[in-house]
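Chemist: sequence first, predicted coordinates after that:
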Amino acid sequence: MTNLTRHAACVAQRFGRAALAAAAVLGGAAPAAATPLFGPLLTAFTVLGASTVTNVSPSVIDGHVGVWSSGGANAVTGFNSAPGVAVADAQVSNGLVHAGTTTGTPNAMQAQAELTTARNLLSSLGAGTVLTDADLVGLTLTPGVYTVHAGSTNLSGRLTLDGQGNADAAWVFQMDSSLITSPNAWVDLINTGPGAGVFWNVASSATIGSDTRFLGNLLALASISMDTRADNVCGRALADTGAVTLQMNRLQGTCSGDLTGSNGLAGGLDVVTAVDGSTRLQFLPPSGTATVPEPGALALVGLALLGLGLSRHCSGRLSGGRRRMS
């Protein structure tokens, strides 16, 4: 047997054993699938209620308006509506009014199911930073998860959310009971971009005070009341089990300026589904940073380095053999 043949046999024998072990690693480290927190049907709705949607006109809504509950009246007041059919209304742009729709894209029934899933995933992030004062007035908060307790008001003035230059910044507010803003409150969002997300995960009901300038996605277990002329200039009002009440409000599911393309401030978070079907919610890495390679990719790199090392090892053994035979 020639030295070249012996070298090849040596490498193949040792590499084969190592490759079997690496294959097991690769098989268990298949890349996980990542999807946005809001499903495609929920994304389409700017206003979604579970019992009724009531509106004192005129309101201005950019995006679909819907209501659906199993066995409920699915009533809509203050907008044009028809049971089970999506219809147009002059107060609604880039969408229709869905009173109990169960088919079509989008439809209120499936959007409600996606809302429940989104609320549960947000809750799975845990408490994060627990704020001692229920009133967020005067704070400047960087991206992250915050728990806010109930109070007579949760915002009596201005709150600033500072993305610190991260275009994919995300904030999650775990409201452990209600969310209440005072009249003329203000949420300001700075130093972020089109991948940002703001989520208010409310354990009971939300009341946005008159003339408030609000931002972000309201996901309430129970009901949402938008008082007179309160606006959500980039976000949604989504009630899981109760009603949404509007009074001459403006809600923009599509944002403008630096937030154009942010999908109504629904970014910054991904739902990661593992090969075993389990899901978890994770923050996106800050824009412009390198991502950590998947375990499978690391294993492939390791195999390449292993092959190089084995080749050198076998060459050394054969060289040593020749020296002993001489």
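Modeler: Looks like it came in fine. Numbering: from 1, shown residues only.
Chemist: end-to-end on stretch 172-189?
Modeler: Distance across stretch 172-189, first residue to last, is 14 Å (C-alpha to C-alpha, to the nearest Å).
Chemist: ok now that stretch, how far from the chain's centre?
Modeler: Relative to the mean C-alpha coordinate of its chain, stretch 172-189 is positioned 19 Å out (C-alpha atoms, centre = their mean, to the nearest Å).
Chemist: what comes up buried for it?
Modeler: Neighbour counts using 16 or more other C-beta atoms under 10 Å place 172-175, 178-182, 185-187, 189 of stretch 172-189 among the buried residues. Every residue, glycine included, has its C-beta placed from N, CA and C.
Chemist: return the subset of those lying in strands.
Modeler: If you go by DSSP state E, the buried residues of stretch 172-189 have V172, F173, Q174, M175, L179, I180, W186, V187, L189 in strands.
Chemist: from the residues you listed, which is closest to S123?
Modeler: The nearest member of those to S123, counting by C-beta to C-beta, is Q174 at 7.2 Å.
Chemist: so how far is T147 from the closest one?
Modeler: The span separating Q174 from T147 equals 5 Å under the rule C-beta to C-beta, to the nearest Å.
Chemist: which residues do these two both contact?
Modeler: By C-beta atoms under 8 Å, 6 or more residues apart in numbering, Q174 and T147 have these common neighbours: A127, G128.
Chemist: what's the neighbour count on the nearest residue to A220 once chain neighbours are set aside?
Modeler: Nearest residue to A220, sequence neighbours excluded (C-beta to C-beta, 6 or more residues apart in numbering): V202, at 4.1 Å. In terms of burial, V202 registers 28 neighbours under the definition other C-beta atoms under 10 Å.
Chemist: for the one 5 residues further on, same thing?
Modeler: When neighbours are counted by other C-beta under 10 Å, T207 registers 20.
Chemist: re earlier: now the buried residues of stretch 172-189 as a markdown table including pLDDT?
Modeler: Below are the buried residues of stretch 172-189 laid out as a markdown table (pLDDT from 0 to 100):
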| residue | pLDDT |
| --- | --- |
| V172 | 98 |
| F173 | 98 |
| Q174 | 98 |
| M175 | 98 |
| S178 | 98 |
| L179 | 98 |
| I180 | 98 |
| T181 | 98 |
| S182 | 98 |
| A185 | 98 |
| W186 | 97 |
| V187 | 98 |
| L189 | 97 |
